Structure formats: structure tokens, C-alpha cells
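Undergrad: Give me coordinates for this.
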Amino acid sequence: MSISLAILVLYIIALFAISWYAKKRSEGTAENFALAGRKLSAPLIGVTIIGLAVGGASTIGVSEQAFKVGLSAGWYTIAWGIGAIVMGAFLAKRYREAKITTISELIARYHDSKAVVLGVICQIVIQLVIISLQYIAGGSILHAIMPDVFDFRAGMLISAIVFIGITFIGGMWSASLANVLNIILIYGGITVATVIQLTNIGGMGNLLAKLPTNVPWFDPIAGVGAKGIITWIIVLITVNLSLQSIIQISLGAKTAAIARKGFIWGGILMIPIGFMAALLGIVAKATYPDAQAALALPQVIVGLQPILAGVTLAALWAADVSTACNLLLSAGTMFSNDIYKKFINPNCTEAKQLSMMRLSVVVSGALTVFMAMSVSGILGTIMVGLSLTAAFSVIVIIALFFPQYTCKAAGFNTLLVGLIVLVVWQLVPAIRFLPHVIYAEWLFCIVTYGVTYILVPTRKAVEEPVI
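TA: Numbers count the residues shown, from 1 in each chain. You can find the predicted model right below:
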């Protein structure tokens, strides 16, 4: 067994040990499993939101993009940080005070059951897309470590088994506590790897000399372009306002103030990692110019000193673990809480709901394996999938800040229009009159909610205060 693989195996053992420790805290009730009993501290909130954000897209995905366009790819992670800060400053406290478990419970307070069901389906689909991307990133790392043992698809399968297993065992406690180890590995491994690779290549001057001249490698804007960067920021602010896996982290906080503080500090601390991943992607281009973009970063890291290579590859894999676990948990929480408990078995016991939540984690994980087999281009895919959260953002902003303007029929109509816009945008390129689908989503969803409010007089009576 190689040193790198041995380190990865030790890391996997440590993750499962943490999960079994977390299992004791997550037992008893569905709330303990899904929300850590609402007992997370600000540091745990911070590392958990960092862990969710700094996944395959923020490491392998950013380096894949930087391999093509240069340092400006690092703006993806800055956009994530800005989104988390906005969430912390404006909504994390309100979500925590709303005393909900899922975003669908908030939707249900003001809208009909059709909106709840469609909302659950859309949220789960969004999260399954993101989970599938973590498998792709995980597969590329394992393939880089042992190409003679793991091909790309086998690496994805092993990643899926570990991600699902950790979540199944310990729920939110498992994800949060594991993220303490994950963040140490991610930041330490990628920082050291960046410094050593730049030293090995002879500094920035030699690096630039080895690169093609037709790409603005070190321009902070030009590669992705101002329009692309602004789009990332808008998409990821939108995502942070209304994606279940992110909301679920804030709901697990001890208090509303802790939720706010954890998100703001997490957003600030995640910003630097994107540019380090981008810089490693540029180094990969100079070192392996003909490599497959998604495999370039793991390939260049394998060339490091064996122990360092093992730690850094474990760090990259840790990024995928930290994201996938939260997403699998939130998908399972939504199905068990908003579909199973409300429509299939309203009288289920806590034990039964907890079992269904764990089963949902396994089923969600299995579905995403098949999705991962057909996905290409990590950042491009994730930007499209996340755009659907605009419909949810419109709904929750009105519910949390302007409940007097909520409309019972508007929730379903807004979600349906958001889904239609996304599908039509993908299938009919001729109608793309805006730079990105996120702009169309916000435009049509705001108009839909407003028109429905005007035309349909029925309102949903507010039975309990949200804030």
C-alpha cells in the first residue's frame, strides 16, 4: 500500500470513529439526528458552513476552471463567502427564531400543500445534483492516488459509500464534528501544497513562462469576466438564502445570535481557499498541459513528497466529505419530515421517522451515483442547478420580512414558474435574452408572486409569528 493511500485510509477510519461518537448524540429523536438537537456552537456552525461550501466545486471544480481560464476562477469561493455573510447578517437569525425544521414548514405557514410538495421535490433535486458533483470530485482524487486500482467510476462509488455511511451513522452531529477535522486538513493541506508547488516550479516568473500566452492567467477578473463573477455572486447569495442544507445548519444553532455569528465568520474564513485552489490549477496546467482538467489538480499533488501528497489528497477528499454529508442529510430530512410524516404516515413515532430519515439518506445517495455518471463540468453544472433556489428565495423573503403580503396560491405558482424557466432555458437556447438563467429566475419569480398576489385574493392566515 502506498503512503498516500495509507493516509487516506487512516482519514476514513478517523471519520467513521467521529461518526460513531456522534451517533450517541444523534439518537433518540429526529431533531437530534437532523439538527444536532439545536445545540451547535458558533465555531461548529462556522466550520459546518465552510465544510458545505468548500466541497468539490470549491477545490476540484475551481482548479478545473483555473486550468482553463486562470486565477479568476477563485471568485467562485469568494462568492460563496459573500453568500454566507449575507445569510448570517440578514436571515440566519430569523430562520432560527422561526422554530422550523425545513424550509417547507415555512412555506406551509403561508401557502397551500401543492407548494409544499413541489418545494420538497425541487429542493431534493437541487441537492442531489450537488451531491453527484462531490462524487465526481471524490472519484478524481481516488483515481489519482491509485490509478492501477481505481478507475474514475470506481473512485466515485467508493466516495459514495463513505459519504453515505458517515451521514447514516451520525446525522448533523457527525457532519459538524467531522468538519473540524476536515477544515484543518483542507486549509493546512492546500496551503502547504500551494507553497511547495510554487517553490518547486521556481516561483511565479517561471510558472508564467511555462503557460500558454493566450490566457490571462493571473488577471483577477479577465478569465471568468466581470459578468461571470457577478453571476456567481448573485447565484450563491440566492442559494444561501433558501437552500435547505444551508438553512438546516442555522436551525441547529443553540440560539439565533449564534447562528448569525457562525455564518458571518464562516463566510469570511472560506474566502482564501478558492484562490489557492485556482493557483494549484494553474500549476497543474503548466506541469501537465494535456491532462484532463478535472484530474489535473490530483495529478499534480500526487507528484509531491509522499506524506504531503497523502495529506493534501485527503484534504481534497475531506472537502467532498464535508459537502456531501450535509446535502445527504438535508435531502433525507425533507423527505421524512415533509413527505413521509405529513402525507404518508402522519401518526409515525419518533423512532419510525428517524428510521425513515436514515433510509432516505441511503436512497438519496444511491440516486446521485447514477446522476454522477452523466455529469460533466462541475462549476457549469452546479450554477444551473442552484439557480432554481431563486424561487425559494422570493418566497422566504416575503414570508420572513413581509408576511402581510403573502398569498396562499403564490407559493406553488412561483415554484412552478421557476422550474419551467430552468427547463426552457436549457432546452431552448434562442430565448436566452439575459446573461444567465439566474437573472431570468429572479425576474419571472418576482413577477409571478406579485401577479398572483394581485389576482388571487385568498391569503394564508398567519397562525403563529415567524419572528
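
Undergrad: going forward, measure contacts and count neighbours with C-alpha atoms only.
TA: Fine.

Undergrad: If we go by neighbour counts, what in stretch 339-351 is buried?
TA: Within stretch 339-351, the residues that count as buried by 16 or more other C-alpha atoms under 10 Å are Ile339, Tyr340, Lys341.

Undergrad: tell me which of these is nearest to Val456?
TA: Of all those, Val456 sits closest to Ile339, with 26.7 Å by C-alpha to C-alpha.

Undergrad: gap between the closest one and Ile186?
TA: According to C-alpha to C-alpha, to the nearest Å, Ile339 and Ile186 sit 36 Å apart.

Undergrad: How about Thr312?
TA: Distance, Thr312 to Ile186, by C-alpha to C-alpha: 7 Å.

Undergrad: Between those two, tell me which one has more neighbours.
TA: Per other C-alpha atoms under 10 Å, whichever of Thr312 and Ile186 has more neighbours is Thr312, with 28 against 25.

Undergrad: That one contacts Ile301, doesn't it?
TA: Yes: in this structure, Thr312 is within contact of Ile301 by C-alpha atoms under 8 Å, at 7.2 Å.

Undergrad: Residues that sit against both of those two, list them.
TA: Ala193 (C-alpha atoms under 8 Å, 6 or more residues apart in numbering).

Undergrad: Tally up the residues packed near Lys39, please.
TA: 15.

Undergrad: what sits against it?
TA: Each residue near Lys39 by C-alpha under 8 Å, 6+ apart is listed here: Gly252, Ala253, Lys254.

Undergrad: For the lengthiest helix in the chain, what is the distance to the chain centroid?
TA: Ranked by number of residues, the top helix in the chain under DSSP state H is helix 152-201. Offset of helix 152-201 from its chain centre (C-alpha atoms, centre = their mean, to the nearest Å): 14 Å.

Undergrad: Okay, Gly37 and Leu251: tell me how far apart.
TA: 10 Å.

Undergrad: Which of those two has more residues huddled nearby?
TA: Leu251 (30 against 21).

Undergrad: Skip the chain neighbours and tell me the closest residue to the more buried one.
TA: Leaving aside its chain neighbours, Leu251 sits nearest to Arg96 (4.9 Å; criterion: C-alpha to C-alpha, 6 or more residues apart in numbering).

Undergrad: could you say which helix or strand contains that neighbour?
TA: If you go by DSSP states H and E, Arg96 is part of helix 92-97.

Undergrad: so what does the helix or strand hosting Ile230 touch, helix or strand wise?
TA: Assessed by DSSP H and E, Ile230 sits inside helix 226-242. Counting contacts by 3 or more C-alpha pairs under 8 Å, 6 or more residues apart in numbering; DSSP states H and E, helix 226-242 is packed against helix 75-86, helix 244-251, helix 378-386, helix 389-401, helix 437-455.

Undergrad: relative to helix 75-86, how tilted is that helix?
TA: Angle, helix 226-242 to helix 75-86, by axes from the mean of the first three to the mean of the last three C-alpha atoms, to 10 degrees: 40 degrees.
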